[in-house]
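[1] Make a model of this:
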Amino acid sequence: MSVLASRPTVRWGIPVAVVAVALTAGVAGQALTADADPSLPPRTAAKLLVDLQTSSVSGLSGTIVQRADLGLPELPVSLGGQGSSDFASLVTGTHTLRVWYAGEDKQRIALLGTLGESDLVRNGRDVWTWSSSSNEVTHLSLPAETAAQPLPTDLPTTPQEAADAALAAIEPSTTVSTEGTAVVAGRPAYELVLRPRDTASLVGQVRIAVDAEQNVPLRVRVYAQDATTAAVEIGFSQISFETPGDEHFDFVPPPEASVTEVIPDDESVVDAPEQIAPTMIGTGWASVLVTDSPDLTDPAAEPSELDTVLGSLPRVSGGWGSGRLLESALFSVLLTDDGRLLVGAVTPERLFEAASR
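    Residues are numbered from 1 along each chain as shown. The predicted structure is shown next:
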């Protein structure tokens, strides 16, 4: 089982980062032999792909630095801007995380911000989230029959998760090669390179540094078309493969914290408005996700910072209708006035085409 590789299906109040679309677009490959640095024996791309999918370690801990420079509008700290300890802030700026892993049922991720810390902790059947800025805690008790429920975040918060997202769909849409070696967190690694064949994608290449001994990702870099600097980079700055102790997973809510118990598959959702099922238009790196636009604002409330940010997005229109457009180096997002959300690692024109269907 890959380390920290999966994500949950339970309903959870953590925002989904649209940057994940750029990483989960279909990738795959064609195995090519590489000329590795003499310090490491040559290893083919096919072998590295197998090693990534079959790697298994009993434990690890370390510090991760994540950087995203997508050309997105600057967000206030309260909405996940630079310095925020909210997991939604991972879509922009530079952030530091600490991770601990001691098996499928003992995992912890801590996002360290200038204004506080947010934690995700899995210890047996107990899953906790905590935000120091609000002193709010959520607690989920997993069903006894649950074998291996992962931490509740839709964001790639480790190189393993980012690599698994990039390798999620193996199809003939990508060339895969190895290009030399690297040293990450003091450890030698092979560089696995994924390049989309479809030029309609905004993604130029994804480079994954694979630990030469443990076969786990140490760093992932995502580049836009024709770019020489990564738009997204997530990698270990320090890592240990010793299994961390139980004290890292024994979470006790802080004094005066507000604790909310989360009930899996809450029956209250039965009366929720019917929503369209998310669909994919196209295949591979140029695919477009179409789903309902999230209801982010309360019409009866005073305008919020989020309203201001959304209102600053340029208005666009066409035969498909009208709405607002968000462009970045790696993906585009279209929020239509008729309530649809379209996201893809593609140009706005490709989103407009998908919206017309």
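[2] can you list the weak-confidence ranges in the protein?
    Residue ranges of the chain with pLDDT under 70: 1-38, 72-92, 114, 145-158, 162-171, 264-276, 294-309.
[3] Helices along that one, start to end?
    Assigned helices in the chain, in chain order: 19-24, 45-54, 159-166, 305-311, 348-355 (criterion: DSSP state H).
[4] was I right about residue 173 contacting residue 283?
    Yes: at 6.9 Å, residue 173 counts as touching residue 283 under the criterion of Cβ atoms under 8 Å. In this view, the C-beta of every residue, glycine as well, is placed from N, C-alpha and C.
[5] More neighbours: the two, which one.
    More neighbours surround residue 173 than the other of residue 173 and residue 283, with 21 against 13 (other Cβ atoms under 10 Å).
[6] For the more buried one, which non-adjacent residue is spatially closest?
    In this structure, residue 173 finds its nearest non-sequential neighbour in residue 284, 3.2 Å apart by Cβ to Cβ, 6 or more residues apart in numbering.
[7] Can you report how many residues neighbour the one you found?
    Neighbour count for residue 284, taken as other Cβ under 10 Å: 20.
[8] Show me how the record splits this structure into domains.
    For the chain, the structural domains run 19-262, 275-355, going by automatic domain parsing.
[9] deepest of those, which one?
    Highest mean neighbour count of those: domain 19-262, a mean of 18 (counted as mean count of other Cβ atoms under 10 Å).
[10] and the gap between the nearest residue to residue 325 once chain neighbours are set aside and residue 245?
    Excluding the flanking residues, the one nearest residue 325 by Cβ to Cβ, 6+ apart is residue 316, at 4.7 Å. As defined by Cβ to Cβ, to the nearest Å, residue 316 lies at a distance of 53 Å from residue 245.
[11] ditto for residue 328
    Taking Cβ to Cβ, one finds residue 328 at 40 Å from residue 245.
[12] What of residue 177?
    To residue 245, residue 177 is 40 Å away according to Cβ to Cβ.
[13] so who does residue 214 touch?
    Neighbouring residues of residue 214 by Cβ atoms under 8 Å, 6 or more residues apart in numbering: 55, 57, 241.
[14] Sorry, slip of the keys, the one I care about is residue 278.
    289, 290, 291.
[15] how about 10 Å then?
    Listed by Cβ atoms under 10 Å, 6 or more residues apart in numbering, the contact partners of residue 278 are 289, 290, 291, 292, 341, 343.
[16] farthest pair in the residues you listed?
    Using Cβ to Cβ, the contacts of residue 278 reach their maximum pairwise distance at 292 and 343, which is 12.1 Å.
[17] now the strands for the stretch 151-300 of the chain?
    Using DSSP state E, counting those that start in this stretch, the strands of the stretch 151-300 of the chain run over residues 174-184, 187-196, 203-211, 217-224, 232-240, 258-262, 279-281, 288-292.
[18] closest to residue 100 out of these?
    Minimum separation from residue 100 across those (Cβ to Cβ) falls at strand 232-240, 9.9 Å.
[19] From the contact counts, what lies against the closest one?
    Applying 3 or more Cβ pairs under 10 Å, 6 or more residues apart in numbering; DSSP states H and E, we find strand 232-240 packed against helix 19-24, strand 60-68, strand 93-101, helix 159-166, strand 174-184, strand 187-196, strand 203-211, strand 217-224.
[20] which secondary structure elements does the fifth one contact?
    Secondary-structure packing of strand 174-184 (3+ Cβ pairs under 10 Å, 6+ apart): helix 45-54, strand 187-196, strand 203-211, strand 217-224, strand 232-240.
[21] I'd like those as CSV, with distance to residue 68 appended.
    Output for the helices and strands packed on strand 174-184, formatted as CSV (distance: least, Cβ to Cβ, whole Å):
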stretch, distance to residue 68
helix 45-54, 22
strand 187-196, 18
strand 203-211, 14
strand 217-224, 9
strand 232-240, 5
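[22] what's near enough to touch residue 102?
    Residue 102 sits next to 58-61, 108, 122-123, 242-246, 248-249 when contact means Cβ under 10 Å, 6+ apart.
[23] whoops, residue 41 was the one
    Contacts for residue 41 (Cβ under 10 Å, 6+ apart) come out as 190, 212.
[24] One more: residue 189?
    Neighbour list for residue 189: 40, 181-183, 208-219, 235 [criterion: Cβ under 10 Å, 6+ apart].
[25] what separates the closest residue to it other than its chain neighbours from residue 180, distance-wise?
    Nearest residue to residue 189, sequence neighbours excluded (Cβ to Cβ, 6+ apart): residue 209, at 4.1 Å. As defined by Cβ to Cβ, residue 209 lies at a distance of 10 Å from residue 180.
[26] okay, and the common contacts of these two?
    In contact with both residue 209 and residue 180: 190, 191, using Cβ under 10 Å, 6+ apart.
[27] Quick check, residue 245 in contact with residue 108.
    No: using Cβ atoms under 10 Å, residue 245 makes no contact with residue 108, being 11.5 Å away.
[28] shared neighbours, these two?
    With contacts taken as Cβ under 10 Å, 6+ apart, the residues that reach both residue 245 and residue 108 are 61, 100, 102.
[29] quick check, nearest of the residues you listed to residue 352?
    Nearest to residue 352 among the shared contacts of residue 245 and residue 108: residue 100, at 44.6 Å, using Cβ to Cβ.
[30] so what's that closest one up against?
    By Cβ under 10 Å, 6+ apart, the contact set of residue 100 is 59-62, 106-110, 121, 240, 243-245, 247-249.
[31] how close does it get to residue 210?
    Separation of residue 100 from residue 210 (Cβ to Cβ) stands at 21 Å.
[32] Same check on residue 95?
    In terms of Cβ to Cβ, residue 95 sits 23 Å off from residue 210.
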